[in-house]
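**Student:** Can you look at this prediction? I've put the sequence above it.
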Amino acid sequence: MRCKLAQRFPRVRLAGEAGMTTAEYAVGTLAACAFAAVLLAVVRSGGVKSALASVITAALGMAS
């Protein structure tokens, strides 16, 4: 029956995979939050923090 509907109504066939479902949005949001948490942990680490501070200090020193 699905094939007959897809043949009769091309819009039905195209709309079947048109967007993400609620579960896909939830998984995508969860993955984005996990990535943000990992990135925040990396940026807050001592080595990265000192490297960023030295880059900013060097940039401000060159601007003066």
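**Tutor:** Structure's in. What do you need?
**Student:** what about R44, how many neighbours?
**Tutor:** Applying other Cβ atoms under 10 Å, we find 9 residues neighbouring R44. To be clear about C-beta, it is placed using only N, CA and C from the backbone, and glycine gets the same treatment.
**Student:** again, but for the one 3 residues further on
**Tutor:** By the other Cβ under 10 Å criterion, the neighbourhood of G47 contains 8 residues.
**Student:** Low-confidence stretches in the chain?
**Tutor:** Low-confidence segments of the chain, defined by pLDDT under 70, span residues 1-20, 63-64.
**Student:** Could you list every helix and strand in contact with the longest helix anywhere in it?
**Tutor:** Among all segments of the chain classified by DSSP state H, the helix with the greatest residue count is helix 22-43. Where contact means 3 or more Cβ pairs under 8 Å, 6 or more residues apart in numbering; DSSP states H and E, helix 22-43 is packed against helix 46-63.
**Student:** by contact count, what packs against the helix it packs on?
**Tutor:** With contacts taken as 3+ Cβ pairs under 8 Å, 6+ apart, helix 46-63 sits against helix 22-43.
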